[in-house]
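# The following comprises the amino acid sequence and a computationally predicted model.
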Amino acid sequence: MPIGFWFASTLTVAMLAAEPAEAQDPRCLNKEQQRAAIASGKAVRLGIALKAVKRRGEVVSARLCEGSKGLVYMLTVLARDGKVTRVTVDATSGSVLSGG
């Protein structure tokens with residue numbers, strides 16, 4: 001079995017297994033709340049957060065959530081070396097707070 005196929009299959013299974021827990025996180029905003037936060041200027045657009053972590057790898061999951069000090073983007077990043085990391089980006093400024 002080619003390693004690329006194995007890796008893609010493993011990643012897909014891991015993402016599907018993790019999705020329900022992330023989707024049920026009460027601190028995270030739903031789509032309507034996300035649009036309102038961005039429209040009101042309480043959060044930058046997701047694209048800005050993605051640019052902040054672009055050099056770290058490919059973002060495979062992104063959520064806008066309530067952090068201890070305000071809104072944050074919780075990003076799951078697949079690095080070029082195959083490692084998956086969580087990166088937290090300040091949703092107000094677009095700067096990386098922690099992770100990776």
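Yes, it's here. Residues are numbered from 1 along each chain as shown.
# does the spatially most central residue of the chain sit in a helix, a strand or a coil?
In the chain, the residue lying closest to the centroid (Cα atoms, centre = their mean) is L75, at 1.9 Å. The three-state label given to L75 by DSSP: H, G, I helix; E, B strand; the rest coil is strand.
# Could you report the neighbour count for K83?
By the criterion of other Cβ atoms under 10 Å, K83 has 11 neighbours. Where you see a C-beta, it was placed from the backbone N, CA and C, and this is true even at glycine.
# Same question for the one 3 residues further on.
As a burial measure, R86 scores 12 neighbours (other Cβ under 10 Å).
# Kindly report the same for V72.
Residues within reach of V72, counting by other Cβ under 10 Å, total 24.
# Surely it and S95 touch.
No - the pair V72 / S95 is not scored as a contact, 10.5 Å apart, by Cβ atoms under 8 Å.
# shared neighbours of those two, which are they?
Common contacts of V72 and S95 (Cβ atoms under 8 Å, 6 or more residues apart in numbering): V89.
# who touches the residue nearest to the centre of the chain in this structure?
49-50, 53, 59, 61-62, 86-89, 99.
# which residues does it form a beta bridge with?
With DSSP bridges as the criterion, L75 is bridged to A62, V87.
# do you know how far it is from S68?
L75 sits 17 Å away from S68 when distances are taken as Cβ to Cβ, to the nearest Å.
# For the residue nearest to the centre of the chain, give me the pLDDT.
If you check L75, the pLDDT there is 94.
# Now do the buried residues in stretch 49-68.
Residues of stretch 49-68 classed as buried: 49-50, 52-53, 56-57, 59, 62-65 (neighbour count, 16 or more other Cβ atoms under 10 Å).
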